[in-house]
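> Next input, structure requested:
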Amino acid sequence: MNWRLILAGIVLVAVAAAGWHYRAVLAERDAASQRAAAAETVVVAEKAARAKEQSTAKSDASAAAAYQEGLENGKVELQGAIARLRAQLRLRDQLADGSNLPAAAAGAGEHNGEAGAEFSEAQRAKLAEALERFGVEQYAIAGDSDNAAKKLGTCQVILATGRARAE
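Predicted structure coming up:
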């Protein structure tokens, strides 16, 4: 009977060792599946971050383009205002002299009896010198307010895109 007990003991030890090994294999499989799930989560998060980064870059680029376009339009408007002011000063000078103007053009500047503001020659020269030296920005309050309104509109676009991204 001794050899049967020894054989039963050997079989019992072999079954226990096989069970221990099977448990270790199952634990390794579970750890591997957890690592795979974590890696997949990282990949999904990276794709979402790249997509958000691309959309942010596009909206920032469009806001920058709109801002630059506003700046260019403001420069064109400013140059136009300078040209109109110079033309008005030349016309006023010609009207004051009475020379080089046809009769119809001479009457076109009248305001139905209302006298316009008249600049003396010294004032006109001083104004033209100041415009040349300092630029129109100091004297063009309407132009400054238009520029400020455009910049405010651009800032509002940037803020709106930032809020849309945050949501």
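> going forward, measure contacts and count neighbours with C-alpha atoms only.
Will do.
> where do the helices sit along this structure?
2-97, 103-108, 121-134, 141-166 (DSSP state H).
> any chance of these in CSV, with mean pLDDT too?
Compiled in CSV, the helices of the chain are given as follows (pLDDT from 0 to 100):
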stretch, mean pLDDT
helix 2-97, 89
helix 103-108, 45
helix 121-134, 71
helix 141-166, 73
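> Switch the ones you listed over to a markdown table; also include mean neighbour count.
A markdown table is the format used below for the helices of the chain (neighbours: other C-alpha atoms under 10 Å):
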| stretch | mean neighbour count |
| --- | --- |
| helix 2-97 | 13 |
| helix 103-108 | 11 |
| helix 121-134 | 12 |
| helix 141-166 | 14 |
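> Local confidence estimate at residue 138?
Per-residue pLDDT puts residue 138 at 48.
> swap that for residue 119, sorry
So, for residue 119, pLDDT stands at 65.
> How about the residue most central in space within the chain, nearest residue that isn't a chain neighbour?
With the centre of the chain defined as its mean C-alpha position, the nearest residue by C-alpha atoms, centre = their mean is residue 63, 3.3 Å away. Closest residue in space to residue 63, ignoring its immediate chain neighbours: residue 158 at 6.4 Å, by C-alpha to C-alpha, 6 or more residues apart in numbering.
> likewise residue 150?
Counting by C-alpha to C-alpha, 6+ apart, residue 70 is the residue found nearest to residue 150 once chain neighbours are left out, at 6.6 Å.
> pretty sure that neighbour contacts residue 152?
No: here residue 70 lies out of contact with residue 152, judged by C-alpha atoms under 8 Å, at a distance of 11.0 Å.
> Residue 151 and residue 72, how far apart?
12 Å (C-alpha to C-alpha, to the nearest Å).
> That should have said residue 15, apologies.
85 Å.
> now swap in residue 32 and tell me
Distance of residue 32 to residue 72, computed by C-alpha to C-alpha: 60 Å.
> for residue 84, same thing?
For residue 84, the distance to residue 72 equals 18 Å [C-alpha to C-alpha].
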